[in-house]
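*Asks:* build me a structure from this.
(2 chains)
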There are 2 protein chains.
Amino acid sequence: MSELRKDPIVGRWVIIAPERMARPLNLSEPELDPHAPDPFLEGREEITTPEIYAARNPGSRPNGPGWKVRVISNKFPALGVDGDLENRGEGMYDMMHGIGAHEVIVECPHGEANLSQLPLENVREVLHAYQARLNDLKRDTRLVHALVFKNKGARAGASLSHAHSQLIVTPIVPITIQEELDGAAEYFRFRGRCIFSDMIEQERTTRKRVVLETSQFIVFCPFASRFPFETWIVPKTHRSHFEKVPRGEIEELGEVLKRTLRKLERGLNDPPYNYIIHSAPFNTPDLPHYRWHIEIFPRMSGVAGFEWGSGFYINAVPPEEAAEFLRETRDD
Amino acid sequence: MSELRKDPIVGRWVIIAPERMARPLNLSEPELDPHAPDPFLEGREEITTPEIYAARNPGSRPNGPGWKVRVISNKFPALGVDGDLENRGEGMYDMMHGIGAHEVIVECPHGEANLSQLPLENVREVLHAYQARLNDLKRDTRLVHALVFKNKGARAGASLSHAHSQLIVTPIVPITIQEELDGAAEYFRFRGRCIFSDMIEQERTTRKRVVLETSQFIVFCPFASRFPFETWIVPKTHRSHFEKVPRGEIEELGEVLKRTLRKLERGLNDPPYNYIIHSAPFNTPDLPHYRWHIEIFPRMSGVAGFEWGSGFYINAVPPEEAAEFLRETRDD
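*Replies:* Just a heads-up that it's a prediction; the model follows:
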């Protein structure tokens, strides 16, 4: 069983998951082998772990063909649902069992690598799958937070090219999310306004960092972008929890996500990228100061050196230039 | 001129340095070209920026041959010393000019790629160079913090194989260091002891995460290691500022650093790695709660996916196993 361990200095929790050693560890940079058999293909359902959720055609059967989106357990899970947390100490250190969930969202039945190339309905089914899984998992009161994320391309950490994303649900709130929550709460205390709302207001006024805007969403390169072409999708309607976004807004998000990814792919020559859905913890009520949003990081360059461990970023592409470039890139 | 920009939510400062675009940006993973001319070689001093510091043989002249270690400005600096900070706002956002320094420490006159392979005296000269530069730079009261770091190997962000490290001096304290300072101060408030001292005590007692120990240093894989084979070098003598470490301790550090890197290189097949010297800000007095130390991160695998932007880490190698392996690896 894996373990959650807390750094005693900064309070960051880390997952120590030796089970994942079974996964091929490459010293050389991994290349996705286009000839390797694709375990996520429709018709090969029996070789994956059993499905937890699927968007299925009427009449099709679980773990058989006839689906658009399928959610399964990660074959090499970082966390598992069985057992007790056993929050305990080892001298000055804190640890608990690696209780949680680690799932894979297979985004399409065939081998398409880019989420953005799927039909709009299929993209929306992926977002519905995210929500369905979060709403199911949050019933387990041991679990307090979910990170939904995508690693696209070998250099972004993907080990398979078939379009997929992942979710990791934890009994602790990741420090990055906690810092956002704290920072946003402080802003709210001083000003009585949601910081995301003020940010949207300013971005809509100056427009220089805006990539695209629809009736319910704004997409922009943030003022203090850590990475070249870092892009955020932020909803105009205030809501702290992604899993509570209503259906109509999710439908529009599907379109916005597809268009945004398409721009990045067209403009940057199909780069590896990560996206992460930032959302409030399960165990908080609706928060007036925090807003769910999606952060996308193209892995543009090999220059991520000491940023890796230092949290200190140097970005050679001003977000104003990145946004202008992406605004002018076609999204079809 | 580059800019320092503050993320309004979490308070993280980022360097936006468009000048660095001149540096080759590769979409594909960079490979160091072993046949590319090496600008850091002895005898090619005229093709680098002028030297700021050098450990020179008696009678040799600045910017000519006859040196062991040489410090120059980064050719594509992220920050520069000229101008004013002009701390200012843009609506809700904070920014200032990119004032600071970005220097390169060339670690040897010939083309050796591994610091650990240099004669011990040469390694010590590198550490003396770090200290000399910090002590010089801290006289500029605009500058409050220095990160000394090394990117070894293309996948760790190096663009040249000739052994070198870098330092970036900033007018702000990087958020990672600030979080360490805050966490360590809180521990001290509760317990009246330095957290690093307690950590050393526990590591020396259990020994299971210790890699090596000398009279003045302990090297261990930290309890909540973010990365496989993450290794810290921590001094037994309490001191918050690296630049104030006395000569005798630096001499021993040279040996410890050389042995530690040698173990990583031997055991892990010469992996890319980063190291970062963590040290208190220039503008603080000696701090009873914080201790300078070195964090080393081998870039073992391509699995660093969403960790990149999320700050949420999954590590497949328990530090106890990493330490045992490194303990048993030869360091000669």
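*Asks:* local confidence estimate at the residue in the stretch 101-250 of chain A positioned nearest to chain B?
*Replies:* Nearest residue of the stretch 101-250 of chain A to chain B: residue A:157, at 2.0 Å (C-beta to the nearest C-beta). In short, each C-beta sits where N, CA and C put it, glycine included. Among the per-residue scores, residue A:157 shows a pLDDT of 83.
*Asks:* tally up the residues packed near it, please.
*Replies:* Residue A:157: 23 surrounding residues under other C-beta atoms under 10 Å in any protein chain shown.
*Asks:* could you pull up phi and psi at it?
*Replies:* When read as degrees, to the nearest 10, the backbone of residue A:157 gives phi 100, psi 0.
*Asks:* is it true that it touches residue A:274?
*Replies:* Yes: distance between residue A:157 and residue A:274: 7.1 Å, which falls inside the contact criterion (C-beta atoms under 8 Å).
*Asks:* can you tell me the helix or strand for residue A:239?
*Replies:* Mapping residue A:239 onto the secondary structure by DSSP states H and E places it in no helix or strand at all.
*Asks:* domains for chain A, by residue range?
*Replies:* According to automatic domain parsing, chain A comprises the domains A:3-174, A:176-327.
*Asks:* worst-scoring helix or strand of chain A, pLDDT-wise?
*Replies:* Of all helical and strand segments in chain A, the minimum by mean pLDDT, DSSP states H and E falls on helix A:307-310, at a mean of 67.
*Asks:* what does the next helix or strand after it contact?
*Replies:* Toward the C-terminus, helix A:307-310 is succeeded by strand A:313-315 as the next helix or strand (DSSP H and E). With contact meaning C-beta atoms under 8 Å, 6 or more residues apart in numbering or on different chains, strand A:313-315 is reached by A:225-228, A:230, A:303, A:307, B:12, B:14-17, B:20, B:78.
*Asks:* touching chain B at all, the top helix by length along chain A?
*Replies:* The helix that spans the most residues within chain A, counting by DSSP state H, is helix A:247-267. No: applying C-beta under 8 Å from any C-beta of the partner chain, one finds that helix A:247-267 is not in contact with chain B, the shortest distance being 11.8 Å.
*Asks:* list the buried residues for that helix?
*Replies:* By neighbour count, with 16 or more other C-beta atoms under 10 Å in any protein chain shown as the criterion, the buried positions of helix A:247-267 are A:249, A:251-265, A:267.
*Asks:* and stretch A:319-332, by the same measure?
*Replies:* Of the residues in stretch A:319-332, those buried under the neighbour-count criterion (16+ other C-beta under 10 Å) are A:319, A:321, A:322, A:323, A:324, A:325, A:326, A:327, A:331.
*Asks:* could you do stretch A:284-291 as well?
*Replies:* Using 16+ other C-beta under 10 Å, the residues of stretch A:284-291 that count as buried are A:287, A:289, A:290, A:291.
*Asks:* go on, stretch A:196-207?
*Replies:* Of the residues in stretch A:196-207, those scored as buried under the neighbour-count criterion (16+ other C-beta under 10 Å) are A:196, A:199, A:200, A:202, A:203.
*Asks:* just stretch A:228-247 next, same as before
*Replies:* Of the residues in stretch A:228-247, those buried by neighbour count under the rule 16+ other C-beta under 10 Å are A:228-236, A:238-243, A:245.
*Asks:* chain B next: which of those residues are close?
*Replies:* Counting by C-beta under 8 Å from any C-beta, the subset of the buried residues of stretch A:228-247 that neighbours chain B consists of residue A:228.
*Asks:* which of the buried residues of stretch A:228-247 fall in strands?
*Replies:* Filtering these for membership in strands, criterion DSSP state E, returns A:231, A:232, A:233, A:234, A:235.
*Asks:* verify the stated contact: the second one with residue A:291.
*Replies:* In other words, residue A:232. No: at 10.7 Å, residue A:232 does not count as touching residue A:291 under the criterion of C-beta under 8 Å.
*Asks:* and the contacts of stretch A:58-76?
*Replies:* Stretch A:58-76 has contacts (C-beta under 8 Å, 6+ apart) with A:19-20, A:22-23, A:40, A:42-43, A:45-46, A:48-57, A:101-109, A:121-122, A:125-126, A:128-129, A:133, A:166.
*Asks:* select only the buried ones of those in PyMOL?
*Replies:* Only the buried members of those end up in this PyMOL selection, burial being decided by 16+ other C-beta under 10 Å:
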select buried, chain A and resi 20+40+42+45+48+51+52+53+54+55+56+101+102+103+104+105+106+107+108+109+122+125+126+128+129+133+166
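*Asks:* which of the contacts of stretch A:58-76 fall in helices?
*Replies:* Cross-referencing the contacts of stretch A:58-76 against helices under DSSP H gives A:121, A:122, A:125, A:126, A:128, A:129, A:133.
*Asks:* tell me who's in contact with residue A:93.
*Replies:* In this structure, residue A:93 makes contact with A:5, A:6, A:8, B:202, B:223, B:224, judged by C-beta under 8 Å, 6+ apart.
*Asks:* remind me what the helix or strand where residue A:201 lies packs against, helices and strands.
*Replies:* Residue A:201 is part of helix A:195-206, with elements assigned from DSSP H and E. Helix A:195-206 makes packing contacts with helix A:175-191, strand A:210-213, strand A:217-220, strand A:231-235 when contacts are defined by 3 or more C-beta pairs under 8 Å, 6 or more residues apart in numbering or on different chains; DSSP states H and E.
*Asks:* now do the second one: distance to the chain's middle.
*Replies:* Going by C-alpha atoms, centre = their mean, to the nearest Å, the spacing between the C-alpha centre of strand A:210-213 and its chain's C-alpha centre is 20 Å.
*Asks:* and the residue of chain A most remote from its centre, how far is that from chain B?
*Replies:* Outermost residue of chain A with respect to the C-alpha centroid, by C-alpha atoms, centre = their mean, is residue A:91; its distance is 34.6 Å. Taking C-beta to the nearest C-beta, to the nearest Å as the measure, residue A:91 and chain B are separated by 4 Å.
*Asks:* who touches the closest residue to that residue other than its chain neighbours in this structure?
*Replies:* Counting by C-beta to C-beta, 6 or more residues apart in numbering or on different chains, residue B:202 is the residue found nearest to residue A:91 once chain neighbours are left out, at 4.5 Å. With contact taken as C-beta under 8 Å, 6+ apart, residue B:202 is in contact with A:91, A:92, A:93.
*Asks:* the last one and residue B:234: what is the separation?
*Replies:* Applying C-beta to C-beta, to the nearest Å, the value for residue A:93 to residue B:234 is 15 Å.
*Asks:* again, but for the second one
*Replies:* Computed with C-beta to C-beta, the distance linking residue A:92 and residue B:234 is 14 Å.
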